[in-house]
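[1] One predicted model, sequence on top.
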Amino acid sequence: MPKVKVLIPGYAKEEDGKTMACSTVTLIQEEGINMIVDPGMDREALFNALNKCGLTVDDIDFVLLTHCHPDHTLLAGIFTKAAVLDHEEQYFSNGTIITHHGKIPKSQVQMIFAPGHDSNHIVFFVEDSELGKVAVAGDVFWRYDNEEQKTDRESLLSRYDEFAEDNDQLKISRKMILDWADWIVPGHGDMFKLGK
């Protein structure tokens, strides 16, 4: 069964009049396959986090992108031996592009369409061998660093996303995730267990 580990708890904040953001970076390991979800923008932090796990960029088989905002995707190109998957295709460093039909090769991880924040947003449903049901949710759920991480259903459903393409659709996607998951890996911040 797969295992989920947050390598970098992402951040989103205002600092000296500038927006500072980097996505949460997640490692999923499953039967010899290493997958990174949303490699983010912080190269040094990513190399350090991989090193702590005994991995290098060459050990990663798949880079999975929840959506194509640069704070989530900027470092995808450093994984030259990995296939990069977005909402519909696999991209390889030799220039090959193939449709994946919603499946990650050789994996039980489910790729689920969850629009709202972005029209092509996807989440990854993982049955973790220890944690249970983990949704690596990207920006379907995120918060600024100075906000408290709410874990109750109503707060998570009702939070307004100022960057969302469609907040009504986002609420539908959130409900679908909350109906399934025990744990959420948000687009920015650390993994959290859903409250009762």
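    Sure thing, it's come through.

[2] okay, CA-based contacts and neighbour counts for the rest of this
    Fine.

[3] Pairing-wise in the sheet, spell out the partners of residue 33.
    Under the criterion DSSP bridges, residue 33 forms beta bridges with residue 30.

[4] Could you count how many residues lie near it?
    Taking other Cα atoms under 10 Å as the neighbour definition, residue 33 ends up with a count of 15.

[5] Am I right that it is in contact with residue 63?
    No. Under the criterion of Cα atoms under 8 Å, residue 33 lies out of contact with residue 63, with a separation of 11.2 Å.

[6] Can you tell me the centre-most residue of the protein?
    With distances taken as Cα atoms, centre = their mean, the residue of the chain nearest its centroid is residue 138 (4.1 Å).

[7] What's the biggest helix in the chain, counting residues?
    With residue count as the measure and DSSP state H as the assignment, the chain has helix 167-180 as its longest helix.

[8] Quick check: buried residues in that one?
    If you call a residue buried by 16 or more other Cα atoms under 10 Å, then helix 167-180 has these buried ones: 167, 169-171, 173-174, 177-178.

[9] Which SSE is immediately downstream of it?
    Per DSSP states H and E, helix 167-180 leads on to strand 183-186 as the next helix or strand towards the C-terminus.

[10] Which neighbours in the sheet does that following strand have, and how are they oriented?
    strand 132-138 (parallel), strand 192-193 (antiparallel).

[11] Now that we have those strands, can you turn them into TSV and tack on mean pLDDT?
    TSV is the format used below for these (pLDDT from 0 to 100):
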stretch	mean pLDDT
strand 132-138	98
strand 192-193	98
